[in-house]
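Chemist: sequence unknown, structure follows:
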């Protein structure tokens, strides 16, 4: 159990120090985390609606921070190139995220040709029904994306690495709020890069 907690701490720290230098990115993670928590609550009542919130609000705000605001040059704080960080990334690196997001955008397309999605859904009678069915597709995609990467990590590295990563992903909303809740205020104060704090932790 101690090794599991240490592995979780290491994955969280590596993710923070390598991929969360920018205050806009950190602030967007707070927004994303709140949306994910809303989705977690909704999941008990309406899983499809929870998936809509998760993908449209939580995932887009989260990934926009990484794709558009996070620096991708040489990381002087951690003495690492962007390419090195992408290579050792445990979860979804930027390349894998682009593939996943592309699948996400295209996944509802089969509904145009088959409203029942190959017999897995009840054909929608109106726009609200179509949106709800899209939510179900996105829920399945989220679960598939999680299980696929866990399986990869179990095969390529170890079962513990895969389980630890899944635990990290599912608990990230709570951890992100704890870690980045001050980022919006710091951003308003004119601080854009978090290099000083990262350097202190790194030391």
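Modeler: That came in fine, so what should we check first? Note that this is a predicted model, so its numbers are computed, not measured.
Chemist: quick check: mean pLDDT across the strand or helix carrying residue 42?
Modeler: Counting by DSSP states H and E, the element that carries residue 42 is helix 23-43. The average of the pLDDT scores along helix 23-43 is 98.
Chemist: can you name the residues in contact with that helix?
Modeler: Here helix 23-43 makes contact (CB atoms under 8 Å, 6 or more residues apart in numbering) with 19-20, 49-51, 53-54, 57-59, 61-62, 64-66, 69-70, 172-174, 176-177, 179-181, 183-184, 186-187, 191-194. Glycine gets a C-beta too; all of them are placed from N, C-alpha and C.
Chemist: wait, residue 77 touches residue 21, no?
Modeler: Yes: with contact defined as CB atoms under 8 Å, residue 77 reaches residue 21; the gap is 7.4 Å.
Chemist: I'd like to know how many residues surround the nearest residue to residue 86 once chain neighbours are set aside.
Modeler: Spatial nearest neighbour of residue 86, excluding adjacent residues (CB to CB, 6 or more residues apart in numbering): residue 93 at 4.5 Å. The number of residues packed near residue 93 is 15, by other CB atoms under 10 Å.
Chemist: what pLDDT is listed against residue 93?
Modeler: On the pLDDT scale, residue 93 gets 92.
Chemist: pull the number of nearby residues for residue 54.
Modeler: The number of residues packed near residue 54 is 25, by other CB under 10 Å.
Chemist: surely it is in a strand?
Modeler: No: assigned with DSSP: H, G, I helix; E, B strand; the rest coil, residue 54 falls outside any strand and is helix.
Chemist: which of residue 77 and residue 21 has more residues huddled nearby?
Modeler: Relative neighbour count places residue 21 above the other of residue 77 and residue 21, with 21 against 18, counting by other CB under 10 Å.
Chemist: phi, psi of the more buried one?
Modeler: The phi and psi values for residue 21, taken as degrees, to the nearest 10, are phi -80, psi -30.
Chemist: mind listing what the residue of the chain most remote from its centre touches?
Modeler: The C-alpha centroid of the chain is most remote from residue 125, which lies 32.5 Å away (CA atoms, centre = their mean). Counting by CB under 8 Å, 6+ apart, residue 125 touches no other residue.
Chemist: doesn't it fall inside a helix?
Modeler: No: counting by three-state DSSP, residue 125 is not found in a helix; it is coil.
Chemist: list phi and psi for it.
Modeler: Main-chain torsions, residue 125, degrees, to the nearest 10: phi -100, psi -20.
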